[in-house]
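1. Need a 3D model of the following:
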Amino acid sequence: MALIIPVRGFTPVIGKDCFLAENATIVGDVVMGDNCSVWFNAVLRGDVNSIKIGNHVNIQDGSVLHTLYQKSTIEIGDHVSIGHNVTIHGSKIHDYALIGMGAVVMDDAVVGEGALVAAGSVVLSKTVIGPNELWGGAPAKFIKMVEPEKAREMNIKIAHNYLQYSRWYTDPDNPNNLK
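-> Residues are numbered from 1 along each chain as shown. Below you'll find the model as predicted:
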């Protein structure tokens, strides 16, 4: 079972049908929607400020979500994929966005609806990435526009894939169940 720790009077709230890997850590003021997955070694640390997560969000292995005390919060929309080893620090990520593996998104940055942040990118504080934009590099810069329907379709597919993968660990009727 995941490590769920209340702190400063806040106990994490987990939505329906969520998968929390056994060594995921969820602390404090974290509110998660339905059908989400938090994978191995991911840490959601809502000890100093709030983390709000929508529905159908996957936070992949080794990712860290944290904020600044009394200054920044995290808001993540619906159908968002946070890749392996991503750091999100006090940022807003809109619906259908994808944050690629190893990326860093700093305080007060905004990632627009359907936007993509390339693997290994560093999105600096207060950067605003518009809807359906692809950004990459360190520091991240605009690369090109992405077709809105393609971005939405891809991110819904990834979110649903991760929901399916999570069922391999939890559904006793699934022949692929790993337990």
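2. partners of the longest strand seen in the chain in the sheet?
-> Longest strand in the chain, counting residues (DSSP state E): strand 43-53. For strand 43-53, the pairing partners within the sheet under DSSP bridges are strand 25-32 (parallel), strand 64-66 (parallel), strand 74-76 (parallel).
3. lowest average confidence, helix or strand, in this structure?
-> When the helices and strands of the chain are scored by mean pLDDT, DSSP states H and E, helix 148-170 comes last with a mean of 88.
4. for the longest strand of the chain, which positions count as buried?
-> Neighbour-count burial for strand 43-53, counted by 16 or more other C-beta atoms under 10 Å, picks out 43, 44, 45, 46, 47, 48, 49, 51, 52, 53. For every residue, glycine as well, the C-beta is placed using N, CA and C.
5. Quick one: the residues you listed as JSON lines, columns for pLDDT too.
-> Below are the buried residues of strand 43-53 laid out as JSON lines (pLDDT from 0 to 100):
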{"residue": "43", "pLDDT": "98"}
{"residue": "44", "pLDDT": "98"}
{"residue": "45", "pLDDT": "98"}
{"residue": "46", "pLDDT": "97"}
{"residue": "47", "pLDDT": "97"}
{"residue": "48", "pLDDT": "96"}
{"residue": "49", "pLDDT": "97"}
{"residue": "51", "pLDDT": "98"}
{"residue": "52", "pLDDT": "98"}
{"residue": "53", "pLDDT": "98"}
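6. a markdown table for those residues, including distance to residue 64?
-> Formatted as a markdown table, those follow (distance: C-beta to C-beta, whole Å):
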| residue | distance to residue 64 |
| --- | --- |
| 43 | 5 |
| 44 | 8 |
| 45 | 7 |
| 46 | 12 |
| 47 | 12 |
| 48 | 13 |
| 49 | 14 |
| 51 | 11 |
| 52 | 17 |
| 53 | 14 |
